[in-house]
Every structure is written in structure tokens, then in C-alpha cells.
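Novice: When you get a sec, could you give me coordinates for this:
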Amino acid sequence: MMMACAFKHALSLILAKIAGRNAVRTQADVAVVGAGPTGCFAAMTAAKLGSEVVVFEEHPEVGLPSHCAGHISIKGLNKLGLHLPDSIIENKISGAAFYSPSGNEFRVRFPSPVTYVINRSMFDKHLARLAKDAGARFIVGTRVEKLLVDRDTVCGVQLKNEKRLESRIVIDAEGCASTLLRQINLQTLDKSQVVSAVNGEVGHADALEEGTVEVYLGQKYAPGLYAWIIPRSDGSAKVGLATKFGNPREHLNRFLSRHPVAKKKMAFNKVRNLSFHIIPLGGPIPKTYKNGFLSVGDVASQVKPTTGGGVVMGLTCAKIAGETASEALRQNRFGKDFLLRYEERCRQAIGFDMRAMRQLRLMINRLSDRQLDRMVNLCRELGVNEDLQRVSDIDWQGQALLRLIRSPGIWAVSLYLLLSSLVS
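Specialist: Below you'll find the model as predicted:
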């Protein structure tokens, strides 16, 4: 089966050369579906390693529309070798304030910034430029309609108007739509663990501390995740929430008008530029690969179950996807037995933390608003903030908990969280 695809691909290359340099190329080593962060990073990695890469983006411009709030860890970016231009960074965050449903507060302050607030659209464009500089080609405004499959092996993609591009490997970074996964019978997102998010902006947020992000917990306002207010250095702010139930727009209106803390800080502010998207919180899908095929990012549910952040985890796996694709090309091995190494490496890189975060998310979801009030008070009373100040890596939360295992305060809060989730 793989030999048939390899023969077709080789024949296409020969015919393209015969036709001349000006002929439209209809083949590539790697086809990437989706020019979000994970698609661009996978494309950049594979192109740097010598692969011919084509990236397809259904929208006419990379980075638009933008859905994400754009709050990302500095250490996570550094681990990936990404150093952002100042023009992308909207603020630097060195603290967090957590609020319970009744307005109880618990704060953590770090000695230096741990996260960036970024312009997400410009961030995507920056990654696309890095991929182009590495040699990847981008085709925008073009939707991939379906996969080309020959004898159970993915051999490329079919575009609108019946156009096709044959490839040795397809990397699916299409996001939560999961259209391509369904075509080859791979399990998609766990719908029971998906939340609906809304993001917006307010023009004046003078009541906020510039370097502190605010997180609002509770079933009353954001059942299934939380609400957020993220300040920018220009005095504006990003606001939003994600919910497992109901209309996210209605939940946002209720949160901003009724929460005892948020309503004071957001008084007379009109929310603009609303955008909506879904966030998978169930942890990685069971199988991310098939013959000639890899999936990465949101479509593979490589998203932190605790916070809904998917950029650093997705980029970590995107790098592995690009490396695996290039190894497959060098060895001329595109079967699932070889591509299994992609999932094994992803599991080694993020598996433990994902499992820990999923369990933590499930426990938090079981807490009533009264129990959340008590938990926030307990964190403040036990001085847990001093323990948390020693951990500035917000992405690898399972490993962070292990480093805090000797803290009596962390033990007490963890025990309360566990027992409360069992009896609620």
C-alpha cells in the first residue's frame, strides 16, 4: 500500500520536472492543513530539516479571525526556542489574582514576569514568517475538503474545485473541527469535555493592576472552566470566559454585571470585538496517527485541561510532528508502525502533565461554589502563595505539583480539593 503512494509521488515529481519550472506543482513531501501556531511550527520544523512543505489555510489571511485570549508562558516559549518581537507583546504578567464566586481573593506574585499577553493574530503571522523563511510554501484562502487515501494510506489532500496535492505525509492542524479525523475513522474530541469560550476587549481598565491577570472561579459564572480579565499595558483589557453549559455570551454578561468584584472593575465598560470558539479539555485523543498521517494541536486535543491553554503544548507536539515527518521521509517509511513514534514521543513529553491536569480539572468541576469559596480562603490562610512563587512554569503542572510535594500548605489544599470533590 505504501509502495503505491511512493510510486505515484515519484511519478508526479518526474512529470513536473518534464513539464518545466513554470508548471503548477501538485506534490510535496509534507502537506500541512491549517496555518495556526501548531501548523506553522510543524511546517517550520519539517522545512528546516529539508522537507518540501506546503501549508493550506482556509482563511484569506493567516492569524484571522483571532479567537484566543493570547496569554502564554515565557518559559514555555523559551523551551521551544521562540523569542518574540516586542511588537507582539502587549503586556508582561508577574502575578495572578484568583477570585471565588462570592469575591474571596487569593494572590500569587512572582519576582519577575512569567507570562506574556500577546497579540494572537501577530503571533500567528510571526510563526508563519518563520516557516516561510525555512522554505515552507503557504496557500491561503484554500480549504482542504478531504484527504486522498489509497489502500488505507493517506497520500495527499483534495482542495475545492477538485484540485489535489499529493504528499508523502499529511499533518492535520485544522483545529477542533476534526473533519479530516472523521474521514479516516480516528476518534475525535471527547465532546463531554468540551467548553464554549467567548473572548472580548474593553477599552478602559484603570482598576486593574497592570502586571496581574485575574481568574474568576465558580459554577455560577463559568461552569466547567473560569472567567478571566487580562490587562494590557495600554490600559485596555481582554475579558472572557468558557462554559460547559449555556450561552457563553449570556454567561459573560452575567459575570461582568453581577460578580461582586468584576462588576466594580468593569463598570461603564462596553465589551467589543467578541469572538467565539470551543476548547477541548479531555486530554489528548487516543490515537493521533495513521498511515501517512499525523494530527497535532487542538484537533488532537493537546490542550491543558486545567486552563484551556493549548499553545505551548501544541507547539511542543508540532515540533515532534515535524521531526517525525522528516525522519519518515529520510527512511522512506510512512506506515503507522513507524509514525507511532510521534505519539510515543508526545506522550513522553506531555503525557504525565496532561493526566495530572485532567484529574485536577475533574476534581475542580465537582466543587460547589461554596466549596470554591472555602478553597480560595484556605489557600490564602495557609500561605500557599509563598510555595507557588517557587514554581514559574505554568505549562508542566503535573511536574510542578511534584516539586511542591513537601509543602504542608499544598498538601492541605490538595487534600481538601480531593475530599470535597468526592463528597460533592
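Novice: For the closest residue to V261 other than its chain neighbours, give me its contacts.
Specialist: Take V261 and drop its neighbours on the chain: the residue closest to it by C-beta to C-beta, 6 or more residues apart in numbering is G103, 4.8 Å away. Just so you know, the C-beta spots here come from the backbone N, C-alpha and C atoms, and that holds for glycine as well. Neighbour list for G103: 259-261 [criterion: C-beta atoms under 8 Å, 6 or more residues apart in numbering].
Novice: which phi and psi does G103 have?
Specialist: Main-chain torsions, G103, degrees, to the nearest 10: phi 100, psi 0.
Novice: Filter the contacts of G103 down to the buried ones, PyMOL style.
Specialist: The PyMOL command for the buried members of these (criterion: 16 or more other C-beta atoms under 10 Å) is given here:
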select buried, resi 259+261
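Novice: out of the contacts of G103, which one sits closest to V117?
Specialist: Each of those was scored against V117 by C-beta to C-beta, and V261 proved nearest at 20.0 Å.
Novice: quick one: contacts for the most centrally placed residue in the chain?
Specialist: Residue closest to the average C-alpha location in the chain (C-alpha atoms, centre = their mean): G310, at 1.8 Å. By C-beta under 8 Å, 6+ apart, G310 lies in contact with 279, 297-298, 302-304.
Novice: What separates the first and last residues of stretch 53-62, distance-wise?
Specialist: In stretch 53-62, first residue to last residue: 16 Å (C-alpha to C-alpha, to the nearest Å).
Novice: which residues are in contact with it?
Specialist: 28-35, 39-40, 43, 46-47, 65, 124-125, 128, 131, 135-144, 157, 159, 165, 167.
Novice: Where do the domain boundaries of this protein fall?
Specialist: According to automatic domain parsing, the chain comprises the domains 2-65+122-190+284-359, 93-117+192-280, 360-423.
Novice: need these in CSV with distance to S87 and mean pLDDT, can you?
Specialist: Formatted as CSV, the domains of the chain follow (distance: least, C-beta to C-beta, whole Å; pLDDT from 0 to 100):
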stretch, distance to S87, mean pLDDT
domain 2-65+122-190+284-359, 7, 90
domain 93-117+192-280, 12, 93
domain 360-423, 24, 65
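Novice: Looking at these, which one is packed in the most?
Specialist: domain 2-65+122-190+284-359 (a mean of 20; mean count of other C-beta atoms under 10 Å).
Novice: how far out from the middle of the chain is it?
Specialist: Its chain's C-alpha centre and that of domain 2-65+122-190+284-359 lie 16 Å apart, by C-alpha atoms, centre = their mean, to the nearest Å.
Novice: Pop out the phi and psi values for R366.
Specialist: The phi and psi values for R366, taken as degrees, to the nearest 10, are phi -80, psi -10.
Novice: how much space between it and D190?
Specialist: 17 Å (C-beta to C-beta, to the nearest Å).
Novice: residue ranges for the helices of the stretch 201-350 of the chain, please.
Specialist: All helices of the stretch 201-350 of the chain, identified by DSSP state H, counting those that start in this stretch, fall at 248-258, 262-265, 311-331, 336-365.
Novice: if we compare those helices, which one ends up closest to D152?
Specialist: With C-beta to C-beta as the criterion, D152 lies closest to helix 336-365 of these, at 9.1 Å.
Novice: Give me the helices and strands touching the closest one, please.
Specialist: In terms of contacts (3 or more C-beta pairs under 8 Å, 6 or more residues apart in numbering; DSSP states H and E), helix 336-365 is packed against strand 289-290, strand 293-295, helix 311-331, helix 397-403, helix 408-423.
Novice: OK, contacts around the closest residue to L49 other than its chain neighbours?
Specialist: Leaving aside its chain neighbours, L49 sits nearest to S326 (3.8 Å; criterion: C-beta to C-beta, 6+ apart). Counting by C-beta under 8 Å, 6+ apart, S326 makes contact with 45-46, 49-51.
Novice: cool, and F293?
Specialist: The contact partners of F293, taken as C-beta under 8 Å, 6+ apart, are 147, 154, 169-170, 172, 184, 339.
Novice: And for G283?
Specialist: Applying C-beta under 8 Å, 6+ apart to G283 gives the contacts 190, 193, 301, 305, 354-355, 357-358.
Novice: same check, this time on N185
Specialist: N185 touches nothing, counting by C-beta under 8 Å, 6+ apart.
Novice: any idea how far V311 is from it?
Specialist: 29 Å.
Novice: mind saving the C-alpha coords of stretch 89-109 as PDB?
Specialist: Taking Å, rounded to 0.1, in the frame of the first residue of the first chain, the C-alpha atoms of stretch 89-109 are listed here in PDB:
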ATOM      1  CA  ILE A  89       3.900  41.500  23.300                       C
ATOM      2  CA  GLU A  90       1.000  43.500  24.800                       C
ATOM      3  CA  ASN A  91       1.900  43.000  28.500                       C
ATOM      4  CA  LYS A  92       4.200  41.100  30.800                       C
ATOM      5  CA  ILE A  93       2.500  39.300  33.700                       C
ATOM      6  CA  SER A  94       4.200  38.600  37.100                       C
ATOM      7  CA  GLY A  95       1.100  37.900  39.200                       C
ATOM      8  CA  ALA A  96      -2.300  36.300  39.400                       C
ATOM      9  CA  ALA A  97      -5.400  37.000  41.500                       C
ATOM     10  CA  PHE A  98      -7.900  34.200  42.000                       C
ATOM     11  CA  TYR A  99     -11.500  35.100  43.000                       C
ATOM     12  CA  SER A 100     -14.200  32.800  44.400                       C
ATOM     13  CA  PRO A 101     -17.800  33.200  43.400                       C
ATOM     14  CA  SER A 102     -18.500  35.300  46.400                       C
ATOM     15  CA  GLY A 103     -15.400  37.500  45.900                       C
ATOM     16  CA  ASN A 104     -12.900  35.900  48.200                       C
ATOM     17  CA  GLU A 105      -9.400  36.600  46.900                       C
ATOM     18  CA  PHE A 106      -6.100  34.700  46.700                       C
ATOM     19  CA  ARG A 107      -3.000  36.200  45.100                       C
ATOM     20  CA  VAL A 108       0.300  34.900  43.800                       C
ATOM     21  CA  ARG A 109       3.200  37.200  42.900                       C
END
